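S.K.: Test case, fold it:
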Amino acid sequence: MKPCSLTLFAAACLASSLDAAFYGAAPDANHPWAVHDENRPQPPRVEPAAVVGGAPSDAVVLFDGTEESFGNWVHARPEEKRKADWVVQDGYLLAVRGAGYIQTKEQFSDCQLHIEWSHAQQLPGEGQKRGNSGVFLPGGIEVQVLDNFNNPTYPDGSAGAVYGVMPPAVNALRAPGQWQSYDIIYRRPIVRDGVSLDEGSMTVLVNGVVVQDSTPLDGGGGHKKRKPLNQPYPDVGPVALQDHGNPVRYRNIWLRPLRPRPADGGTDGRLSAAATTAKRAEIGAEVRASAANMQGWDQMMRLLESQMYASNSAAWDVCNRQVSESVEQFKDLSTKELEIQRQQVMDLHHALSYLQRFDIIAADYKPAKELREIADGLGWLKQK
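M.R.: Below you'll find the predicted structure:
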C-alpha cells in the first residue's frame, strides 16, 4: 500500500478526522465511548416551543385545553362509584368533589412533566384543607398541590413537596387566582430482586424556581408512613391528578420521556463492566463495517480506530499488514519524499502512540518503534 501524496485540503480533512479518532481518553471498563468520541450518536433535534412553558416538538401533549385532549385521561374510579366527573371548561380541567382521581390512558416511565394549576380564588380552610390536590408520577409518587401562599402546613406536605419525603426548598407560589407552573423531572426507583439499584430522584421547579434538586425518593413516601427502599416499582405507569375535594384547575399538561439510565439499558454514563463490553463490541463492529467500504490508507486508519473498542483478530491481521507495509515504504523514502508525506507519517505515529498509551496495542510494537525513529530523526517530535 503506497503512501499517497495529499492536497492541502485533503490533508486538512484527514488530519481533522484523525484528531477526532485518537483525541480524548480511550474507552475503558465502564465507558464504551472515548472522550469526545465522534462515533457516539448525535443528540436528536428537538424544536423548543415558541413560548416558555409550551410543549416542545417531541412532547406528548396530555391536555391542551380542549375536550378532545381530555380523551387522553380516564377516571380511575368506576362510574358507578363516582358522584361526579372532572370537567373541561374555559380551557382547563376542573377537579370536582366526588369524582376521584383521573389518570392518563398512556403509561410512562422516567419523564419531564410540565403542568399548570390554580385556584380561582383563596378557598376557605387552613393547612391541608385549602386547595388540596396532587400530581402523581408513574409508580404513585406525589408532588403536592396546595394553596400555601399564606397558609403554612407540615412542610413535607407543602406545595412543591415530594409528599411525605422532602419539603420544597422555598415557597415560590403566586397568590390564589394566578396560575402556578410545575416542571418536574422524575426518575423512578429501580429495584430488582429486592435490591435497590437506584432510589430514584425528583427535580421540581415551581414558577421557574428550583424547589427540589435531584431529591432522592427515599422509598417514595406517602401519608403518615415511610416506604422501604427495596419495594418494587413498575417500569411504567400513568400520570394521575388527585381529587381531594377542592376545585383545583389544571391546564397545559405535557410530558417528555427521558433517555434510559444505565440500569435501564441506557448507554450514556458509567456502565457496568458487562454492559460496557457488550456496547464496545457493538461499536467496534460498526466501525469495522464502515472500514469495509474504504480502501488503502483510509481503511487502515479506520481499522486501527476499531481496535479502541474491541480487539478483533481478523481486522488486526489486515490492519497490521497495512501498517507494516506503510512503515516499510516510509523507510525507503528520501528525506525530501518524507517531507511530502509528513502529514501521513505523523498521523500514523499519533494513532499508534495513542493506542500504545491506552494499552490497546503492545508497547514494543515494532512498526510504531520504527515510525517513531523516522519522525524523531527528522526532528518532527521535538517540543514546540
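S.K.: Using the three-state scheme, assign residue 284.
M.R.: Here residue 284 is recorded as helix under DSSP: H, G, I helix; E, B strand; the rest coil.
S.K.: Spit out the contact partners of it.
M.R.: 306, 307, 308, 309, 310, 312 (C-beta atoms under 8 Å, 6 or more residues apart in numbering). Every C-beta, even on glycine, is put in place using the N, C-alpha and C of the backbone.
S.K.: From residue 347, how far off is it?
M.R.: 21 Å (C-beta to C-beta, to the nearest Å).
S.K.: do residue 318 as well
M.R.: Computed as C-beta to C-beta, the residue 318 to residue 347 distance reads 19 Å.
S.K.: Name the nearest of the contacts of residue 284 relative to residue 242.
M.R.: residue 309 (49.0 Å; C-beta to C-beta).
S.K.: okay, the nearest residue to the closest one once chain neighbours are set aside: pLDDT?
M.R.: Nearest residue to residue 309, sequence neighbours excluded (C-beta to C-beta, 6 or more residues apart in numbering): residue 284, at 3.6 Å. Note for residue 284: predicted pLDDT of 97.
S.K.: Can you give me every residue that contacts the closest residue to residue 35 other than its chain neighbours?
M.R.: Spatial nearest neighbour of residue 35, excluding adjacent residues (C-beta to C-beta, 6+ apart): residue 24 at 2.9 Å. Applying C-beta under 8 Å, 6+ apart, we find residue 24 in contact with 34, 35, 36, 37.
S.K.: do that again at 6 Å, thanks
M.R.: Residue 24 is in contact with 34, 35, 36, counting by C-beta atoms under 6 Å, 6 or more residues apart in numbering.
S.K.: Now the buried members of these.
M.R.: Among the contacts of residue 24, those scoring as buried are residue 34 (criterion: 16 or more other C-beta atoms under 10 Å).
S.K.: Format the contacts of residue 24 as JSON lines; extra columns: pLDDT.
M.R.: Below are the contacts of residue 24 laid out as JSON lines (pLDDT from 0 to 100):
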{"residue": "34", "pLDDT": "95"}
{"residue": "35", "pLDDT": "93"}
{"residue": "36", "pLDDT": "93"}
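S.K.: Mind putting the contacts of residue 24 into JSON lines with secondary structure?
M.R.: Formatted as JSON lines, the contacts of residue 24 follow (three-state DSSP):
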{"residue": "34", "secondary structure": "coil"}
{"residue": "35", "secondary structure": "coil"}
{"residue": "36", "secondary structure": "coil"}
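S.K.: State the distance from the residue nearest to residue 309 to residue 315.
M.R.: Separation of residue 284 from residue 315 (C-beta to C-beta): 8 Å.
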